[in-house]
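S.K.: When you get a sec, could you give me coordinates for this:
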Amino acid sequence: MPDTLEDVRKVAPALARYTTRVLQGDVWRRPQLSGRDRALLTLSVLIARGQSEQTPSYLALALDHGVKPSEISGMIAHLAFYSGWGNAMAAATVASGVFEQRGIDAGQLSSAAMPAALDSVAEARRHAIVQRKFGDVAPGLVQLTKDVLFGDLWLQPELSPRDRCLVTICSVIATAQTAQLGFYLNRAMDNGVSRAELSELMTHVAFYSGWSSVYTALAVAKEVFETRPD
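M.R.: Predicted coordinates:
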């Protein structure tokens, strides 16, 4: 957690109280998500919103909760595509300092796992829909989405497909891109994320991206939950 709580108490004692009693004392301890998952979600929101000042404390917390350096590295690269290169580059700069303090070197930033397998049928279906909608408007972007985003980035082994879904959902909510949310909620459930976990994700993220952004997202989540058989 941030290490400036005493300074916060001098300015906003109510905020300090809610941080201690509600955020730290309740939300972070709820069993529906692991501490590791919560750290990953929180970092995703901070990076997506460009909140670099808070990032070092949560990077350290993530490492303490078992998030691997390679997973943090993969998350930063992933979020470059979803929250913008500037936010990802700023996060990489912050992470560099934390990694140096922890003695984490470049050898710990790659994964020995094999890349994920591409679901060629599902990807062909996704690409056909996007091509039909936007192929005449931005053919370059549509092709890069196929070749780089889903044909490369999503297959990289530093983050599991499950975690990539969680990271992406957090970024979409944090940047209020609700029109994209349904696709990624369905993708998350296809990759083993349960309704209970997604529900708790919404609760957790509300504290970091704001109540209004999450309540807007809840309408999409409700529709997805009601239309899926599982």
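S.K.: Could the C-alpha coordinates of stretch 120-137 be exported in CSV?
M.R.: Output in CSV follows, covering the C-alpha atoms of stretch 120-137 (Å, rounded to 0.1, in the frame of the first residue of the first chain):
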residue,chain,number,x,y,z
SER,A,120,-7.6,-19.9,-35.3
VAL,A,121,-11.3,-20.4,-35.7
ALA,A,122,-12.2,-17.8,-33.0
GLU,A,123,-9.6,-15.4,-34.3
ALA,A,124,-10.8,-15.7,-37.9
ARG,A,125,-14.4,-15.0,-36.7
ARG,A,126,-13.2,-12.0,-34.7
HIS,A,127,-11.2,-10.6,-37.6
ALA,A,128,-14.0,-11.1,-40.1
ILE,A,129,-16.3,-9.0,-38.0
VAL,A,130,-13.8,-6.2,-37.5
GLN,A,131,-12.8,-6.3,-41.2
ARG,A,132,-16.5,-6.0,-42.2
LYS,A,133,-17.0,-3.0,-39.8
PHE,A,134,-13.8,-1.1,-40.1
GLY,A,135,-11.7,-2.5,-43.0
ASP,A,136,-12.6,0.3,-45.3
VAL,A,137,-12.0,3.0,-42.6
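S.K.: ok, and for that stretch, which residues are buried?
M.R.: When burial is assessed from 16 or more other CB atoms under 10 Å, stretch 120-137 yields the following buried residues: Arg126, His127, Val130. C-betas here are computed from N, CA, C, even on glycine.
S.K.: Can you tell me what sits against it?
M.R.: By CB atoms under 8 Å, 6 or more residues apart in numbering, the residues outside stretch 120-137 that reach it are Leu141, Val142, Thr145, Lys146, Phe150, Gly151.
S.K.: Not counting sequence-adjacent ones, nearest residue to the last one?
M.R.: It refers to Gly151. Leu118 (6.8 Å; CB to CB, 6 or more residues apart in numbering).
S.K.: Sketch out the low-pLDDT regions of the chain for me.
M.R.: 1-3 (pLDDT under 70).
S.K.: Look up how far Gly107 lies from Thr42.
M.R.: Here the criterion is CB to CB, to the nearest Å. By it, Thr42 lies 26 Å from Gly107.
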